[in-house]
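K.L.:
Dropping a prediction and its sequence here:
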Amino acid sequence: MPINIPKALPAREELKQEKIFVMDEDRARTQDIRPMSILILNLMPEKEKTELQLLRLLGNTPLQVNITFLRMATHESKNVSKSHLDTFYTTFDEVKDRRFDGMIITGAPIERLQFEEVNYWKELTKIMDWTKQNVTSVLSICWGAQALLYYYYGIDKYELPKKLTGIYQHRVSDPTIKLVRGFDEIFNAPHSRYTTVSMEEIKADSRLQLLSTSDVAEAFIIMSTDAKHIMVTGHLEYDATTLAEEYIRDCDKGLDVELPENYFPNNNADEQPMNTWRSHTHLLFSNWLNYYVYQQTPYVWE
C-alpha cells in the first residue's frame, strides 16, 4: 500500500522512479480505509535526504500511511530552505491537539552537547511528554534514541575515544520478539556517532529489553517492555553512500577522522560501497508499523 505525501514534496518523484507506491491527498480521500498517521520529527540537518530515506521504508508495507513532518520551532535549520520548511513541515503547536498512530524521532549531529545544552531540549521534552497520550509507538534513531533513554529512563550517554563509524555485525538476542521477526541471527547495520550508552544500565532496567547488540557498537535495538518506545542507536535508514558523504564532509572540515570500518571495498575511499543492511532495515520498519502501530492503535482515537 502507498504512503500519502504532498504532491510537491521533492522526494516524491525519486520515490516514484524507485517504484515506491506513493499517493496524493486527493486519491487518498477516495479510499474507504483507515490509514496510519505517522509523525516524523526530522532533526537531521539535510532534511530532504532524511525524508527520502524514511519515506522509502514507510512506503514498502501493506499499510496506507499518512505522513506529517515536524520541525522544532525553537531551532533555525541552516541546511534546508525556509520555503521547504514552510511548505512541508509543521510545528508542535499546530499538531498538539491531534493524535498519531506512530512517531519517528531522527538523529541529530549534536551528541557531544549535554542534553540540557541543546537549544530545543525543552521543546523536545514537551513533545516527548505529549506522546504519552497522543502517540501509540515512538521509534527513535541514534541521538533521538539517546534522548529517549536519558529523559524517560535516566540512562545518559558518554563520549567514545573516537568516532564510531562503519558497518558492524549485530546479533539478535530473542528472535521471538515481533520487532525482529524474520531477522537473521547475525546482520549488518551502519553506525555514525561519537557517543554511546551503557549496556549494563539498559540490562539493569526492568522497563527495557535489549533486542540486539554488537561486539563493537554494543547496544543497538532497545525496546521498552510496554513497546511504547523503540530505540535504535545506529542508522539502518542510511543509504549505501551516506557514510561516504559524511566522511568526505568531515575531511573537508579538516577533522581528524578515520575511514568508516568494514565499509569501503578494500578500504579504498575511491571504491563504491555497497548496501549490506537494506533487507533488515525494511524488516524493522515493516515489523514496527505492523505489530506496534497498526495492531495496537485504536481504530478511532477517543
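P.N.:
Yes, it's here. Numbers count the residues shown, from 1 in each chain.
K.L.:
Now Lys162: phi and psi?
P.N.:
phi -150, psi 170 (degrees, to the nearest 10).
K.L.:
Could you look up the SS state of the residue lying closest to it once chain neighbours are set aside?
P.N.:
Nearest residue to Lys162, sequence neighbours excluded (CB to CB, 6 or more residues apart in numbering): Glu258, at 7.0 Å. Where C-beta positions appear, they are placed from N, C-alpha and C, glycine not excepted. Of the three states, Glu258 takes coil under DSSP: H, G, I helix; E, B strand; the rest coil.
K.L.:
tally of neighbours for Glu258?
P.N.:
11 (other CB atoms under 10 Å).
K.L.:
ok, now which ones touch it?
P.N.:
Glu258 is in contact with Lys162, Lys163, Thr165, counting by CB atoms under 8 Å, 6 or more residues apart in numbering.
K.L.:
do Arg181 as well
P.N.:
Residues counted as contacts of Arg181 (CB under 8 Å, 6+ apart) are Pro175, Leu283, Asn287, Tyr291.
K.L.:
if you set the cut-off to 10 Å instead, what comes out?
P.N.:
Val172, Pro175, Leu283, Leu284, Ser286, Asn287, Asn290, Tyr291 (CB atoms under 10 Å, 6 or more residues apart in numbering).
K.L.:
Which pair in those residues has the greatest spatial separation?
P.N.:
Pairwise distances across the contacts of Arg181 peak at 17.7 Å for Val172 and Asn290 (criterion: CB to CB).
K.L.:
Just the strands from the chain, written as ranges.
P.N.:
3-4, 22-23, 36-41, 65-70, 89-90, 100-105, 135-141, 157-172, 186-197, 208-214, 218-224, 229-232 (DSSP state E).
K.L.:
Quick one: low-confidence residue ranges for the stretch 151-300 of the chain.
P.N.:
Counting by pLDDT under 70, the stretch 151-300 of the chain contains low-confidence ranges at 299.
K.L.:
one step back: check the gap between the residue nearest to Lys162 and Ala244 for me.
P.N.:
According to CB to CB, to the nearest Å, Glu258 and Ala244 sit 13 Å apart.
K.L.:
same check, this time on Met223
P.N.:
Counting by CB to CB - Met223 and Ala244 are separated by 31 Å.
K.L.:
Could you list the residues in contact with the longest helix seen in the chain?
P.N.:
Looking across the chain with DSSP state H, the single longest helix is helix 121-134. Here helix 121-134 makes contact (CB under 10 Å, 6+ apart) with 39, 41, 43, 70, 72-75, 91-92, 95-100, 103, 105, 108, 110, 113-116, 118, 120, 135, 137-138, 140, 144, 147-148, 150-152, 228-229, 301.
K.L.:
From these, keep the buried residues only.
P.N.:
Listed as buried from the contacts of helix 121-134 are 39, 41, 43, 70, 72, 92, 95, 99-100, 103, 105, 108, 110, 115, 118, 120, 135, 137-138, 140, 144, 147-148, 150, 152, 228-229; burial here means 16 or more other CB atoms under 10 Å.
K.L.:
which residue packs closest to Asp205, ignoring adjacent ones?
P.N.:
Tyr153 (5.7 Å).
K.L.:
quick one: pLDDT of Glu302?
P.N.:
Glu302 carries a pLDDT value of 62.
K.L.:
Highest neighbour count among the contacts of Arg181?
P.N.:
The most crowded member of the contacts of Arg181 is Leu284, carrying 26 neighbours; neighbours defined as other CB under 10 Å.
K.L.:
contacting residues for it?
P.N.:
With CB under 10 Å, 6+ apart, Leu284 has these contacts: 57, 139, 179-183, 187, 189, 212, 221, 230, 232, 236-237, 277.
K.L.:
State the distance from it to Ser140.
P.N.:
As judged by CB to CB, Leu284 and Ser140 stand 13 Å apart.
K.L.:
Identify the contacts common to these two.
P.N.:
Ile230, Val232.
K.L.:
so how many other residues sit close to Glu185?
P.N.:
Neighbours around Glu185, by other CB under 10 Å: 8.
K.L.:
Phi, psi for it please.
P.N.:
The phi/psi pair for Glu185 (degrees, to the nearest 10) reads phi -60, psi -30.
K.L.:
List the residues that contact the residue nearest to it when sequence neighbours are not counted.
P.N.:
Spatial nearest neighbour of Glu185, excluding adjacent residues (CB to CB, 6+ apart): Val172 at 5.9 Å. Contacts for Val172 (CB under 10 Å, 6+ apart) come out as 179-181, 183-187, 211-213, 220-221, 280.
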